[in-house]
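J.: give me the fold of what follows.
(chains A, B, C, D, E and F)
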Amino acid sequence: MSMLHTVNKSPFESNGLRSCLAHASKGDTVLLIEDGVYAALKGTAVSGDLWRCRIDVKFCVLGADLAARGLDKGRLIDGIRVVDYGGFVDLVTEHGRTQAWL
Amino acid sequence: MSMLHTVNKSPFESNGLRSCLAHASKGDTVLLIEDGVYAALKGTAVSGDLWRCRIDVKFCVLGADLAARGLDKGRLIDGIRVVDYGGFVDLVTEHGRTQAWL
Amino acid sequence: MKLSILINEGPYTHQAADTAYQFTKAALDKGHEVFRVFFYNDGVYNGSRLTVPPQDDRNIQKNWSELAAKHKLDLVVCIAAAQRRGILDEGEVKRHGKGEGAANVAPGFRISGLGQLIEMGIQSDRLVIFGD
Amino acid sequence: MKLSILINEGPYTHQAADTAYQFTKAALDKGHEVFRVFFYNDGVYNGSRLTVPPQDDRNIQKNWSELAAKHKLDLVVCIAAAQRRGILDEGEVKRHGKGEGAANVAPGFRISGLGQLIEMGIQSDRLVIFGD
Amino acid sequence: MAEAAKSGAAPAPAKAKKKFLYVNRKAPYGTIYALESLEVVLIAAAFEQEVSLAFLDDGVFQLSKGQDTAGIGMKCFAPTYRALGDFGVTKLYVEKEALSERGLTVEDLQQVTYEDENDGFKAKPSIVLIDRAALAKVMAEQDVILSF
Amino acid sequence: MAEAAKSGAAPAPAKAKKKFLYVNRKAPYGTIYALESLEVVLIAAAFEQEVSLAFLDDGVFQLSKGQDTAGIGMKCFAPTYRALGDFGVTKLYVEKEALSERGLTVEDLQQVTYEDENDGFKAKPSIVLIDRAALAKVMAEQDVILSF
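T.: Numbers count the residues shown, from 1 in each chain, chains lettered A, B, ... in the order given. Predicted coordinates:
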């Protein structure tokens, strides 16, 4: 049973995402929410963290949080899926459990 | 007039100390308090951040916060001064202003 | 599916309370059962009936109370966390001599023990946590 | 010297409230004047008279109220931040119809505007900020 | 400290003005600090002091253009930055290094301008791009630094 | 899921046990999360589920020995970890990488033991040193993961 990880803090400010990626398992999904969505941008100082991990883990990002912060979908790292709150709910039910990296 | 900088977050978790050191000026003092005191330990993955900065900036650490966390003074990076709350007050009055890196 | 929600931060200061609300609404819209919403740490502040947000802003407490009334949600505020932070019901107000009318827990919220959190972990298919 | 203190976080959850208290005590002990202590953001929760911390723990609100009484400290809770978070005095309770006895601001604290924060920045020799 | 009064709302106080810098290091919406800092700035403008704002670290995200908070159900306060000029707050220092670490350029930020009353009320940019070393110098020149 | 009940306080429920992992990633005292997480664990012990704790990132500091909070005026809750064994909580996973990044070894942590009722009530260590990959595996085997 795979795990859904939620990351809600900025990767520029906090080590939450980095720790999450270091502890995720193959087949898990990482959902970026709230200030965590900044990790989905390409061309930043932390973009590499996601790239290095993309073989094993799927990445999703909450669209409402992107829009609130003025982040256009064209600026996302390729292959990251944008979901709405309903999609968040689906991710929770599709994975065996959820771990919040607070 | 020099500045007193206070840093209260763990350098392992947050970028506050790093940003403080990048913006401090010659003659300033950095006081580590609360979870910020972990930055005063030698032999950690972030100890280098302080070493690289030590020519221009003085470092102090709040002794009560060290003791609460079980950190012996023998484990501090050389040259860091331990102060009590009264010493914190003195640092505030000795410097022209205080900046909190929250 | 049977879901439960844990909220660890207070209203307005952290987005956690908002995200949890949007998530809970979406789960109900999809026909899932929400077994319980548990408020812990600063999350207990969401259950204060005394909040008066600016008129052009959302009212987080009211949103929860209305959602609870509509869907018979079980909103539980942790008693230990709430005492420490000054969220009290009638019984607590009396017990601690805080004076008549001082109870500030909002409609639709009930104050109970941490066992309710463990129980919801046992009883639910999924537990989702929102915090800082 | 004339010092002022700004506190941005609530009691118990962040150490900021404790550190600010220890700092203020030390400043008074050294003979400095504390012009004002201003509570903003979640800091307003420090001014709740309804907190009931465990008996073997410190009582942060009571510590502030006692320090204020002893040293005639001016403890100011920001009205805008307090309304949003449900910390109200008698006047606010009446204005918003929250019911008699609901005022929860603690003795020694007064609720006032953000201008008090700016003023203390202007009037004080040093401003020290505690937060998260 | 001898700069002319900017808003002209009240008679200047007898005391010398102080330089207030509001330091913004946090992203908007995830936490309330950006909004509540802005609320202080709006009040501060009435006090006839020298007020400027610094945006560094994740604080630069506060100025991102195109913010639309309908989906998260929160109030969008981005337009308030554009109103700062009317309050006499005309200096928004934005750190270059913070932008580039985040893959941003000044084009990604909303335009903030003020009307220069000393130059025929011409619209002038309030945002001042500044590198880290220069920002450190700005910080070192302040009387009061407010961070939330 | 078939492990024997550890505290024996109440009759085992009919339902299968769930595995609960309490994830501790935050330092003590700077914030209340470590303490309030521990308060949940103490209650959880009465529910006859499988309970274990993980300490990673700054969470490893929670177990530092010699904590003395008199100077900061806060309650010291470090001794409570030593009482966990009496509550039937006997597995405290501590991540090796988190320790070494912080310049710590297991000698810097307080000793936590439990009495093994299946082995003549011998005192056995509760702290299990574990590397990152193994901890990831432990996480992947849980039914409920609680983090504060």
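J.: residue numbers of chain E in contact with chain B?
T.: Near chain B, the residues belonging to chain E are E:23, E:25, E:33, E:56-57, E:132, E:135-137, E:139-140, E:142-145, E:147-148 when assessed by C-beta under 8 Å from any C-beta of the partner chain. C-beta: built from backbone N, CA, C; applies to glycine.
J.: report the rounded mean pLDDT for the longest helix along chain A.
T.: Taking residue count as the measure and DSSP state H as the definition, the longest helix of chain A comes out as helix A:85-94. Confidence for helix A:85-94, expressed as mean pLDDT, is 98.
J.: and the contacts of that helix?
T.: With C-beta atoms under 8 Å, 6 or more residues apart in numbering or on different chains as the contact definition, helix A:85-94 has outside contacts at A:4, A:29, A:31, A:33, A:60, A:62, A:64, A:83, A:98, C:1, C:3, C:22-23, C:25-27, C:29-30, C:32, C:125-126, C:128.
J.: ok, back up a step: weed out the non-buried ones from the residues of chain E next to chain B.
T.: Taking 16 or more other C-beta atoms under 10 Å in any protein chain shown as the criterion, what is buried in the residues of chain E next to chain B is E:23, E:25, E:33, E:56-57, E:135-136, E:139-140, E:142-145, E:147-148.
J.: thinking again about what came up before, among the residues of chain E next to chain B, which are in strands?
T.: Judged by DSSP state E, the subset of the residues of chain E next to chain B located in strands is E:Val23, E:Val144, E:Ile145, E:Ser147.
J.: any idea how far the last one is from E:Leu21?
T.: Between E:Ser147 and E:Leu21 the distance is 9 Å, computed by C-beta to C-beta, to the nearest Å.
J.: low-confidence regions, chain E specifically.
T.: Counting by pLDDT under 70, chain E contains low-confidence ranges at E:1-15.
J.: around chain A, which positions in it sit nearby?
T.: Contact residues of chain E with respect to chain A, defined by C-beta under 8 Å from any C-beta, are listed as E:26-31, E:57-58, E:61, E:64-72, E:74, E:76, E:78, E:101-103, E:108.
J.: switch to 6 Å and redo it
T.: E:27, E:29-30, E:58, E:64-69, E:71-72, E:101-103 (C-beta under 6 Å from any C-beta of the partner chain).
J.: can you name the element that comes right after the lowest-mean-pLDDT helix or strand in chain A?
T.: Lowest mean confidence among the helices and strands of chain A (mean pLDDT, DSSP states H and E): helix A:47-51, at a mean of 80. Note on helix A:47-51: by DSSP states H and E, the next helix or strand toward the C-terminus is strand A:58-62.
J.: off-centre distance for that next one?
T.: Chain-centre distance of strand A:58-62: 4 Å, with C-alpha atoms, centre = their mean, to the nearest Å.
J.: list the helices and strands it packs on?
T.: When contacts are defined as 3 or more C-beta pairs under 6 Å, 6 or more residues apart in numbering or on different chains; DSSP states H and E, strand A:58-62 packs onto strand A:29-32, strand A:81-83.
J.: for chain C, which helix is longest?
T.: Identified as the longest helix of chain C according to DSSP H is helix C:16-29.
J.: now do that one: distance to the chain's middle.
T.: A distance of 12 Å separates the C-alpha centroid of helix C:16-29 from that of its chain, computed with C-alpha atoms, centre = their mean.
J.: okay, the angle between it and strand A:58-62?
T.: 100 degrees (axes from the mean of the first three to the mean of the last three C-alpha atoms, to 10 degrees).
J.: measure the closest residue to chain F within chain E to chain C for me?
T.: For chain E and chain F, the shortest gap (C-beta to the nearest C-beta) falls at E:Thr31, measuring 14.1 Å. Counting by C-beta to the nearest C-beta, to the nearest Å, the separation of E:Thr31 from chain C is 6 Å.
J.: quickly list what that residue is bridged to.
T.: Beta bridges link E:Thr31 to C:His14, E:Pro28, judged by DSSP bridges.
J.: where's it relative to E:Asn24, distance?
T.: From E:Thr31 over to E:Asn24 the distance is 12 Å, taken as C-beta to C-beta.
J.: these two: which is more packed in?
T.: Taking other C-beta atoms under 10 Å in any protein chain shown, E:Thr31 and E:Asn24 do not tie; E:Asn24 has more neighbours (28 against 25).
J.: enumerate the beta-bridge partners assigned to that one.
T.: According to DSSP bridges, the partner residues bridging E:Asn24 are E:Phe55.
J.: for chain A, see how far away it is.
T.: From E:Asn24 to chain A the distance is 13 Å (C-beta to the nearest C-beta).
J.: that residue touches E:Phe55, doesn't it?
T.: Yes: under the criterion of C-beta atoms under 6 Å, E:Asn24 is in contact with E:Phe55, at a separation of 4.9 Å.
J.: still on that earlier bit, could you restrict the residues of chain E next to chain B to the ones contacting chain D?
T.: Within the set of the residues of chain E next to chain B, contact with chain D (C-beta under 6 Å from any C-beta) is found for E:Val144, E:Phe148.
J.: now do the same contact list for the residue nearest the centre of chain C.
T.: Taking C-alpha atoms, centre = their mean, the centroid of chain C lies closest to C:Phe39, which sits 4.4 Å from it. When the contact criterion is C-beta atoms under 6 Å, 6 or more residues apart in numbering or on different chains, the partners of C:Phe39 are C:Ile7, C:Asn46, C:Gly47, C:Val77.
J.: is the closest residue to the third one other than its chain neighbours in a bridge, and if so with what?
T.: Read that as C:Gly47. Counting by C-beta to C-beta, 6 or more residues apart in numbering or on different chains, the nearest residue to C:Gly47 once its immediate chain neighbours are dropped is C:Phe109, at 3.9 Å. Partner residues in beta bridges with C:Phe109: C:Leu75, with DSSP bridges as the criterion.
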